[in-house]
Structure formats: C-alpha cells, structure tokens
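Undergrad: The sequence and its predicted three-dimensional model are supplied below.
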Protein chains: 2
Amino acid sequence: MAPSTPPGGTPARRRPPGMTDVARLAGVSQKTVSRVVNGEPYVSERVREKVLRAARELGYRPNTAARALITGRFGRIGVVALGTALYGPASLQVAIERATRAAGLSVIVANTLEGQPDSVGDAVEWLLRQGVDAIILSEPIDEGVELRTDPDVPLYSVGRSVPQAENLLQGDFNTDGFREAVEHLLDLGHERVWHVAGPASWFAARERAAGWRAAHEARGIEPPEPLEGDWTPASGYEAGRRLLREPGVTAVACANDDMALGLIRACTEAGVPVPERVSVTGFDDIPAAAYLTPPLTTVRQQFETDAVLSLGLLLRRLSGAPDGAPEPSRPSPDPHRLVVRRSTAPPPHRLDEEPGKDDR
Amino acid sequence: MAPSTPPGGTPARRRPPGMTDVARLAGVSQKTVSRVVNGEPYVSERVREKVLRAARELGYRPNTAARALITGRFGRIGVVALGTALYGPASLQVAIERATRAAGLSVIVANTLEGQPDSVGDAVEWLLRQGVDAIILSEPIDEGVELRTDPDVPLYSVGRSVPQAENLLQGDFNTDGFREAVEHLLDLGHERVWHVAGPASWFAARERAAGWRAAHEARGIEPPEPLEGDWTPASGYEAGRRLLREPGVTAVACANDDMALGLIRACTEAGVPVPERVSVTGFDDIPAAAYLTPPLTTVRQQFETDAVLSLGLLLRRLSGAPDGAPEPSRPSPDPHRLVVRRSTAPPPHRLDEEPGKDDR
DNA sequence: CTGCCGTCTGACTACGTTGTCAACGTGAAA
DNA sequence: TTTCACGTTGACAACGTAGTCAGACGGCAG
C-alpha cells in the first residue's frame, strides 16, 4: 500500500499561493490580480469576479512583506509603552490598537523597563528595525531621554512634549483636572491640601503636582510638603501612615485612585474616619472607585477620546490620504470631570458652620 | 570648490541605505554584508570589521520585509486578546511581549470585541494577513468559535482548550484555585457558599464555577443557585443587593476581586458587616485587594510564570533552534495560592460572643 | 473610412534580501 | 610536483508584489 505522502518524511513546507497562482487559475496576468486586490480602477466587472473567485478558491492572502518591500511602507505603527498593567495606560493602549486596526494598519508594541532610561531608546531602535511607518511614545516617563530616530519615521507622543516628537494631545489634562480636585477640597473649607504624588519621573505625576500647587497659589496659600508614592496602593498606605502622624491634616489629594485607596485604608486602620476627619481625592476614576468604602471622589480623564481623535489624523495620513484632504476638526469637549462622591467633606472644625464661601 | 550638497533644493525622500550601499562603502560584495549582518561563519575578522564600520557609518538597518519575503518567516507572533484593561489579561499581555522581544521576535496584537463572537475569527484572519509565524489566543472567550486557520501558522491558546490550538498551560489553575477559596469558607463553618460568577462565555468563569461546585460536591452539599456578573465592581454590587434579600447568606465567593469589592460595598451600605455577618472572597489578588476595607481574602494566580515558560519553548522553536534541542523542563511550582485576609470569618451563629468590635 | 480617446489588460522591471553554487587562495597530504 | 580540503568571497537567481509603459479594443466624431 503506497502512502499518500511522498517518501523521505519531510513535510516539504508548501509555498502559500501568490498572485501568480491566482492569476494562472483565473486566466489573467499577475498584474491584474494586483489591481483587483488593491481595488484599483480600470478592471472590468467580469474579470474582477473571476479573480476574486480564484483567490477565494486558493485561499489567497496578500504577502505584506512583498508589498512593504516595494512600497517602502509597512502598514504598521510602533507603540512604546511602559509595561505596567495600570488601568490608565492599559486602556489607552487598547484604544490605540482599535483605532489603528480600524484604519487598516497594525500595531507592534515594545515595552520598556521602568528605572532603566536607555530602554526607551532601545525600544525605539527595536521598532525601527522591525519596520514601522510611525512611532507613538505612550511611555509615561521622560527623564533624560536622548532618542536617535529615523528622519523618515515620524515620532509622536501622548501627553507630554519630547523635543523630537509631536504631541498627539492638545492641552494638559492632568494639571487642570487635578487643580479642579484640589479646588473642590479648598472650597469645602480645608485650609490646605496635602498631596501624595506619583514618581517624579512620570510627566503625569509632575503635571498633577503642578495642578495641586496652582490651586494653592491662586489663593495665596502655601502648600504643605508633598509626599511621593509609586502609584501603588501600598505606597498610598505608607503615605497615609506618615500623614496621620502629622497634625492638622484634613485633606489629601492623591495622584491616582490606587494610592488614594491605600491611604484610606491607613486612615480606617488608625480609626480616623474618612471623610469626617480627613477628606481624600484620587485621580483616574477607576471602575472600583465608586464602590470603595467610602466611594471615592476623583477625576475622570477623557484624554483617550482626544488621543484617538488625533491618532485618526495620523492614521489617515499614513493610509495614503493626501495631505490636502479636509481634516475633520478636533473638538476637545469635556476633557476631564470631577466626580464628587463621599470621600470628601468639610473639615472637622467647620462642621457646625455653613460653608458660605463662594459657590463657584 | 564644488558644494557638498547638490543644487535643486528638493529633499527627494532619500532611500534608506541597503546592504548594497554598505557593500560599496566597505569594498565587498553585498552577499558578504549579508553574512556579517546575520553572523554567519566564514567571514574573516578583517572584513567583518570593515563591514560593521561601514554599516554604522551609513546608519544601516536591515530590511525585515525583504528578509521575510525570501525566508517566508516574519519574526513576529500575533496575539489575539480581548481588549479590556482588566488587571489579569493586561499583565499577561505584558509578560508575553517581554518574553517575545527577549527572543528576538516581535508581537502584534489584535483585540476583539466582547459579545461579538465572529471577532475572534476576524482577528485571527487579520493577523494571518499581516504575516505572523504563530498566533497566541490570549482571548478569554470561547463561545462558538469556528476558526479558519492556516496550516503553516501554529495556533496556541493560553488557559483553555480550543480544538485547533495547543494549550500553552499545563493544568487548570482556575478550578483548583477557586476550589481552595471555597473550601476555606466551608472550613470556617459556613454551611453553603454563594457564588457570583463571571460571564459564562469566559472559560475562566466556567472553570472557577466548576471549582466552586466541586468544593460543595466533595462534601455532599448542594450548592445554592449561582449569580452571574460581568467582572465589574458594578455587577458585584448588584449581585450583593440581590443576595442581601435572600435569607441565610453567610458566605459569597466572587469570581474576581472587582466583583468582590462591589459586593462588599453593597453589604457595607446595607449595614451588613463583612466578615462578621457575611464572608467574601475574590480571585486574582489585584494590588488593591490588601487595602480594601476589609482587606480581601483572595487567590493569587501565578499562571503568568507558567505561560511565559511555555512561551519560551515556542519562541525557541520559532527562532530557528532545531527541534531536537534539549528543552528545559517545565516546572509548575505553586500555581496558585490562597491569601487569607480579613474579609472571611466563621459564620455568625458560630460566634460564641457577639461581634462588638465594630470600628465604624 | 480615419483618427482619437478612454477603458482595460499584460509584459517587464525593481524592491532588498537570502539561498545556491562556483571560484579563488592557501596549506597540507599524497 | 599534483591533489585535495578548507576557509573565504562573490555572481546570480529567486522571493511576491507594485510601478511603468505599451498595446488591444471599442465607441464616437470628423
């Protein structure tokens, strides 16, 4: 009995069908197949259908490598990200991928290593070697980056300004949003607001701290010394234990929700009720924020929408649309919103008074 | 003296340097450059250095498209993921990218859309069109998937069995881990344990529910009717409100930490103390779990380590290592661990004394 | 009829790389 | 001396696609 597979044992990795194979089956030239596949004009309906039928029959898939080789474009953008599973960055990354794929391009990600500044440059270099049409720095850290880039590959950043990169975001969402949270606390009657910041190497942390400072300065108040955490609940907890030892702390604005949550835990453990004796705010509005004890007053960022809008522009350009094409306007409505829940209240000594201050 | 830049002023998008340019500068053949770049043997040290110097001077970067075209391999793996910012999936994705890049391959991600089963097939098809050497289904949903795949592109899955895909994970971490949590509750004296499950379309949800059921069956107990959430704190909160209306509920095992957190919130709002009157467990051990009020008893999964180990095998194979190479053993130590915190306690009627230590 | 234009199609080539194979120079073995 | 093996190098073809250009065909105006 003869085996159906040829002798020798080697599976003989068959070559996947190409345009030439489709052309042969359809009885046309390879170039015509190329035209059909790319939706070029000047192909009769009869031929187009014949080609499509042949392509389907063979299970034809265009070879992106060959296409990239000849066009010089890869149909791919690279994203440099800090590989954390943090809620904010992760959401942004998903949004970027969705928008990119919708535009017919693909995303290739390179994660960096926190605390190792070279790794941003390494990631960029890696992406350039892989072949990308553009690079997006979704990396939230910007200390001492000195990027060697390729003049043919544009570099974009999300939410910070790097010398070589164009920022995809219009304004500074962190500062204004955080300032709003701090003003909310000041409006409630707190004399000063303490601050648990994120790592100074993150531009988002610096911008939020700036918002905190600005809120004080606008009222001529000297802000207290800020504490620095690392975004984790654990660091918020530690900050809380330190703040509880200081006198007069009635309000703490944390740079993100996770740290706020840890800080609240420290208060609860110490028997200090939130918000009755200490008010706490976060930033991000993570899904859990509304279900903490107490529900957390925080700020919802909407920069994703804005980032994806700008990304759309970039993608349209990369997809081959002419530069002169009418660009849709970039509305930037409602970039952030203060969500007042139950972790904030007037300070203890004001409880019997009416907060008859300006009501905004 | 002739100007170094030619007249005309046009930037004329210069072609990036190729091996031919390097070869010309180094005074060798293009093929020799190829040998140097790929580290092939039989190149004299003198020539190798000459080539490397020329490459550096020109800023040469190998063209992956041309290489892929001729070798038929892309140096890329595709990952199909459900685009949520959930802690577990996001961590896994980062781990996959790190391991892959370390092996010299790159990752291209395609996110699907929950509640749209075709989108898994679409994502696979999309990745095949982009050109990948292998596909990893990190997608947690598996309802009615009917995948058309390419025989040349192996398909792998993380943590579930799909007919066409090889599972990168050894065992079933969800069932055993969850069972452990439920047994912890039963050991504390609870007669039955309620369950807030994840969406039935997620295999992880089904496996955890199976663990819950198994724990009951092993003791000959009939488990109560399970509730179904959608992983969010909001759904856990809703489930909590419903359970609070039922009599006799003393212990609830939630399929993840977020839902547990929402459920605890519902109890707290209703004045039902946790764990004094109701014990609650979660699953995942998110960073916030230890800092909730009360700190959450949960199960830490360690499947990432295991998945990345198996991934290493796959990557080594794709990188060109021969099949006969000695494969490191796959140890699977400590796949999950029950972390007992303060959200679990014996049921009320087992307490000899009244719970008078309510610090709220 | 002729000339012309617009539509449609195919032959040929280039893209930058790797695989194949031949050729060269050198030193050792016959 | 010749022969051979080995290390080293280069010429050439091929991968699958898109750009360029020319040619075939039909309809319409002159």
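TA: In hand now; what should we look at?
Undergrad: A:Val80: which element?
TA: Secondary-structure assignment from DSSP states H and E places A:Val80 in strand A:76-82.
Undergrad: That strand vs DNA strand D: in contact?
TA: No - applying Cβ under 7 Å from any atom of the strand, one finds strand A:76-82 out of contact with DNA strand D, separated by at least 14.9 Å. (C-beta placed from N, C-alpha, C; glycine too.)
Undergrad: Mind listing residues that contact that strand?
TA: With contacts defined as Cβ atoms under 8 Å, 6 or more residues apart in numbering or on different chains, strand A:76-82 is touched by A:89, A:93, A:96, A:100, A:105-112, A:114, A:120, A:123-124, A:127-128, A:130-141, A:314-315, A:318, B:108, B:130.
Undergrad: Can you name the next helix or strand after it?
TA: Along the chain past strand A:76-82, the next helix or strand (assigned with DSSP H and E) turns out to be helix A:87-102.
Undergrad: what's around the spatially closest residue to A:Ala214 that is not a sequence neighbour, how many residues?
TA: Spatial nearest neighbour of A:Ala214, excluding adjacent residues (Cβ to Cβ, 6 or more residues apart in numbering or on different chains): A:Arg179 at 5.2 Å. As a burial measure, A:Arg179 scores 22 neighbours (other Cβ atoms under 10 Å in any protein chain shown).
Undergrad: what about A:Arg179, helix or strand, and which?
TA: helix A:173-187.
Undergrad: Summarise which helices and strands that helix is packed against.
TA: With contacts defined as 3 or more Cβ pairs under 8 Å, 6 or more residues apart in numbering or on different chains; DSSP states H and E, helix A:173-187 has these neighbours: helix A:203-217, strand A:251-254, strand A:279-281, strand A:298-301, strand A:336-339.
Undergrad: hmm, try it at 10 Å
TA: Using 3 or more Cβ pairs under 10 Å, 6 or more residues apart in numbering or on different chains; DSSP states H and E as the contact test, the elements touching helix A:173-187 are strand A:194-197, helix A:203-217, strand A:251-254, strand A:279-281, strand A:298-301, helix A:303-318, strand A:336-339.
Undergrad: Of these, which shows the lowest average pLDDT?
TA: Here those differ in mean pLDDT, and the lowest is helix A:303-318 at a mean of 77.
Undergrad: From the chain's centre, how far out is that one? Work that out for me.
TA: Using Cα atoms, centre = their mean, to the nearest Å, we find the averaged C-alpha position of helix A:303-318 to lie 12 Å away from the chain's own average C-alpha position.
Undergrad: same question, stretch A:80-94
TA: How far stretch A:80-94 lies from its chain's middle: 6 Å, per Cα atoms, centre = their mean.
Undergrad: Return the mean pLDDT over that stretch, rounded to an integer.
TA: This predicted structure assigns stretch A:80-94 an average pLDDT of 87.
Undergrad: Kindly report the same for stretch A:258-277.
TA: Predicted confidence along stretch A:258-277 averages 97 (mean pLDDT).
Undergrad: does chain B sit close to it?
TA: Yes - using Cβ under 10 Å from any Cβ of the partner chain, a contact is recorded between stretch A:258-277 and chain B, made by A:258-269, A:271, A:273-274.
Undergrad: Pull the most distant pair out of these.
TA: Looking at the residues of stretch A:258-277 next to chain B by Cβ to Cβ, the two members farthest from one another are A:Asp258 and A:Gly271, with 22.7 Å of separation.
Undergrad: wouldn't A:Ser201 be in contact with A:Gln116 here?
TA: No - with contact defined as Cβ atoms under 10 Å, A:Ser201 does not count as touching A:Gln116 (11.2 Å).
Undergrad: With only the CA atoms kept, save stretch A:270-289 in PDB.
TA: What follows is stretch A:270-289, C-alpha atoms only, in PDB (Å, rounded to 0.1, in the frame of the first residue of the first chain):
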ATOM      1  CA  ALA A 270      -6.000  54.000  62.500                       C
ATOM      2  CA  GLY A 271      -9.600  54.800  63.400                       C
ATOM      3  CA  VAL A 272      -9.600  58.000  61.500                       C
ATOM      4  CA  PRO A 273     -12.900  58.300  59.600                       C
ATOM      5  CA  VAL A 274     -13.000  59.400  56.000                       C
ATOM      6  CA  PRO A 275     -14.300  61.900  55.200                       C
ATOM      7  CA  GLU A 276     -15.400  63.000  58.600                       C
ATOM      8  CA  ARG A 277     -11.800  63.800  59.800                       C
ATOM      9  CA  VAL A 278      -9.800  63.500  56.600                       C
ATOM     10  CA  SER A 279     -11.000  64.100  53.000                       C
ATOM     11  CA  VAL A 280      -9.400  62.200  50.300                       C
ATOM     12  CA  THR A 281      -9.400  62.500  46.500                       C
ATOM     13  CA  GLY A 282      -8.000  60.300  43.800                       C
ATOM     14  CA  PHE A 283      -7.400  60.600  40.000                       C
ATOM     15  CA  ASP A 284      -8.500  58.400  37.100                       C
ATOM     16  CA  ASP A 285     -11.900  57.200  38.200                       C
ATOM     17  CA  ILE A 286     -11.000  53.500  38.000                       C
ATOM     18  CA  PRO A 287     -14.100  51.300  37.900                       C
ATOM     19  CA  ALA A 288     -13.700  50.400  41.500                       C
ATOM     20  CA  ALA A 289     -13.700  54.000  42.700                       C
END
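Undergrad: Having no further points to raise, I will conclude here.
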